[in-house]
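Enquirer: For reference, the sequence and a predicted model appear below.
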Amino acid sequence: MMTLKVNGREHQVDAEADTPLLYVLREDIKLNAAKFGCGLGQCGACTVIVDGKAVLSCVTPMILLEGKQVTTLEGLGTVSEPAPIQRAFMEEQAAQCGYCIAGIMMRAQALLQRNSRPTDEQIRSELEPHLCRCGTHMRILRAVRRAARLMDTADASSTAEGRAR
Amino acid sequence: MTGSSRLVAGIVAVVLLGGAAAAFAIVWRPAIAAVEPAGPLSFDAALVKRGRDLAAIGNCNNCHTMRGGRNFAGGLPVPTPFGTIFSSNITPDAETGIGRWSEAAFRRAMRSGVSREGQHLYPTFPYDHFTNVSDEDDRALYAFLMTRQPVRAPARENQLSFPFNQRFAIAGWKLLFLRHGTYQPDPSQSAEWNRGAYLVEGLAHCGACHTPRNALGAERNSAQFAGGDVDNWHAYALNDQSHAPVPWDADALFAYLRDGWHPDHGTARGPMAEVVSNLSSVPPSDVRAIAVYMAGVSGTPAPDRKRQGEAALEQARSSSIQGSQANAAGASIYAAACASCHASGRPLPYGGINLALSTAITGPDPRNLANIVLSGVQAVEGERSPIMPGFAASMTDAQASALLGYLRARFSNQPPWSGVEKTVQDARRAQTAFLLTSSAPRNAPADPQQRDKP
């Protein structure tokens, strides 16, 4: 048994040290926003935030998470109260099939938390580890820019990530 | 004043004057008259094309282009033990580049490390190698550079401490370490070998990274290709001290230098990725010549070295998990973070190399492994290329160190490294800084031949 802190809550999970975080999130804690894409850390669909940084949960074993705070997309906002990043992606209609979008939102969120006004070049290079087969890249870029503006005006601390800190 | 003391004073004066004249002769170099920029149309297209290939072999863009910067406009910070030196603008801009340099001025810079204005250049510009380049090749390089887009980009001030910030000191360095002369062919060797030697010792300046340097920053001739340092990476030994699990031969070198990867050795990354990216675009005969010469440098492997290579290949083929359970943390991290690619048997370049074949793990220090684990291998923009995620965000220094220790114990028969955690800390700092400034790519394309296709 080990304790895993996710979205501000502590979970007792029965997992091996080398079990990837993604499996625990999806199967034990039933948080399904992070997706299984390639399982090799090459597509970005499984991205979550750990202590403020975007990490690929499919290649992050549980042993690396002791004492750390995991945030998934569920921790940012809800359907009735979406976080700025979620609102921005909806308003720009950035998802087509949507499989990659949760991961992209998490990395964009991590970027905006440390740099509230990224340049286009910074957004592009930050999102480089993510694959999107539908091809909504231009909308995704617009959504990240919109999220940056929303966070500038909205109270960004109303997210779970903010509460957890 | 007596006659004898007058004589002594005279001798002293003559010695002082002579010394001053000698020092002046060593340090002072005349300016070469500025010329009006010749304009791109005044150069023969075939000469420009040859210059383009030579510039790729010389890896010029690696130092003279900065990430996000314009081609050949310089400004890249090059860390040295003496301080930071910024690369110069070698576009034909008249004011801030080399637009007013005549071919003679360019040749003097290549051969003697002196700018058109007569200023000594720091040997970060590897003229100790370029002195071997023929007049003909200098002419082609000149034609290539003079037909590039001029970019206005003033030189950045070097950050050096005294006395290294005094350019006259460079004249002393040259006196000690610069041996002038173009490459002299060895008649006992093949034309291909000689071509390779000319390129390797000259324009390609392989030893600039792969040969260790002395306290004054000069390559140690007695230890040629015994392994050196570049940008917080270790440039592996290429001579008989090579740590490669499988010994290199000419065919493997050719494939690696041309394609950026080889199934028995892995993928080029770090500064070498830029080298192979450039070599992928030059005539294969030149790459083959380099491979033939370098295979001679490595020499024929001794029988037990050969056996070790076969054992490593055998270990890579059998997926046997033996390995120490002493390092449970390292084993867990390897299983979840590394094995999915590196033990999958997927062929290179898209699969990860079996780590039993990795020189990063058998090498003398853990720098390269730390760099690659933390920063991964980024995709080449617009091309198919091998990639690997970096783990800097998910591993602490202690966790990364545990992994490195585990990999060393499991995949090599070498003694444990010392100071692993310190190396990981340094890698975290240096790679973060370096990735922001260095020119792309830090990775080799999987099929560079596709590059000129739509």
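Expert: Structure received.

Enquirer: Could you measure from the residue in chain A that chain B sits nearest to over to B:Leu407?
Expert: Chain B sits closest to A:Pro61 of chain A, with a gap of 3.3 Å, by Cβ to the nearest Cβ. Bear in mind the C-beta positions are built from the backbone N, C-alpha and C, glycine included. Using Cβ to Cβ, to the nearest Å, one gets 15 Å for the distance from A:Pro61 to B:Leu407.

Enquirer: Then B:Leu17?
Expert: 64 Å.

Enquirer: for B:Gly270, same thing?
Expert: Distance of B:Gly270 to B:Leu407, given as Cβ to Cβ: 17 Å.

Enquirer: Please list the residues outside stretch B:124-142 that contact it.
Expert: Stretch B:124-142 is touched from outside by B:47-48, B:50-51, B:54-55, B:58, B:63, B:78, B:80, B:85, B:87-88, B:103, B:106-107, B:109-113, B:121, B:177-183, B:198, B:201-205, B:207-208, B:218-219, with contacts defined as Cβ atoms under 8 Å, 6 or more residues apart in numbering or on different chains.

Enquirer: Could you do stretch A:46-55 as well?
Expert: A:21-22, A:25, A:34-37, A:56-58, A:60, A:65, A:68-73, A:102-104, A:106-107, A:109-111, A:113-114, A:129-130, A:161, B:393-394.

Enquirer: Buried residues in it, which are they?
Expert: A:46-52, A:54-55 (16 or more other Cβ atoms under 10 Å in any protein chain shown).

Enquirer: Next: stretch B:94-106.
Expert: B:96-103, B:105-106.

Enquirer: repeat for stretch B:286-299
Expert: Buried residues in stretch B:286-299, defined by neighbour count with 16+ other Cβ under 10 Å: B:286-295, B:297-298.

Enquirer: Quick one: name whatever helix or strand follows whichever helix or strand B:Tyr142 is part of.
Expert: B:Tyr142 is part of helix B:135-146, with elements assigned from DSSP states H and E. Using DSSP H and E, the next helix or strand after helix B:135-146 towards the C-terminus is strand B:159-160.

Enquirer: The helix or strand just after that next one: how far from the chain's middle?
Expert: Sequence-wise, the next helix or strand downstream of strand B:159-160 (DSSP H and E) is helix B:168-177. Relative to its chain's centre, helix B:168-177 lies at 22 Å (Cα atoms, centre = their mean, to the nearest Å).

Enquirer: pLDDT on helix B:168-177, on average?
Expert: Averaging pLDDT along helix B:168-177 yields 95.

Enquirer: State the mean pLDDT of the helix holding B:Tyr142.
Expert: 97.

Enquirer: other SSEs contacting the longest helix seen in chain A?
Expert: Longest helix of chain A, by residue count under DSSP state H: helix A:137-153. Judged by 3 or more Cβ pairs under 8 Å, 6 or more residues apart in numbering or on different chains; DSSP states H and E, helix A:137-153 is in contact with helix A:84-91, helix A:101-114, helix A:120-126.

Enquirer: what's the second one in contact with?
Expert: Among residues not part of helix A:101-114, those counted as contacts by Cβ under 8 Å, 6+ apart are A:33-35, A:37, A:43-49, A:52-54, A:71-73, A:76, A:83, A:85-86, A:89, A:94-95, A:118, A:122-123, A:126-127, A:129-130, A:132, A:140, A:143-144, A:147-148, A:151, A:161.

Enquirer: what does stretch B:397-415 give?
Expert: A:63-64, B:243, B:245, B:315, B:322-324, B:326-327, B:329-331, B:333-334, B:337-338, B:355-356, B:358, B:361-362, B:366, B:369-370, B:373-374, B:391, B:395, B:416-417, B:420-421, B:423-425, B:428.

Enquirer: Which of those residues are buried? Put it as a ChimeraX command.
Expert: The buried subset of these, as determined by 16+ other Cβ under 10 Å, is captured in ChimeraX by this line:
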select /A:63,64 /B:243,245,315,327,329,330,331,333,334,337,338,355,356,358,361,362,366,369,370,373,374,391,395,417,420,421,423,424,428
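
Enquirer: just to revisit the earlier point, more neighbours: which of B:Leu17 and B:Leu407?
Expert: B:Leu407 (24 against 10; other Cβ atoms under 10 Å in any protein chain shown).

Enquirer: and the helix or strand where the more buried one lies, how far from the chain's centre?
Expert: Following DSSP H and E, one finds B:Leu407 within helix B:397-411. Centroid separation between helix B:397-411 and its chain, computed with Cα atoms, centre = their mean, is 27 Å.

Enquirer: just stretch A:76-88 next, same as before
Expert: 12 Å.

Enquirer: looking only at pLDDT, what's the mean for it?
Expert: Taken as a whole, stretch A:76-88 carries a mean pLDDT of 96.

Enquirer: could you dump it to CSV, C-alpha only?
Expert: The C-alpha coordinates for stretch A:76-88 follow below in CSV (Å, rounded to 0.1, in the frame of the first residue of the first chain):
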residue,chain,number,x,y,z
LEU,A,76,-8.5,21.7,-12.7
GLY,A,77,-12.2,22.2,-13.1
THR,A,78,-15.6,20.6,-13.5
VAL,A,79,-18.2,20.5,-16.2
SER,A,80,-20.2,23.2,-14.4
GLU,A,81,-17.1,25.1,-13.4
PRO,A,82,-14.4,24.7,-16.0
ALA,A,83,-11.0,26.0,-15.4
PRO,A,84,-9.6,28.7,-17.7
ILE,A,85,-7.7,26.2,-19.8
GLN,A,86,-10.8,24.1,-20.2
ARG,A,87,-13.0,27.0,-21.1
ALA,A,88,-10.4,28.2,-23.6
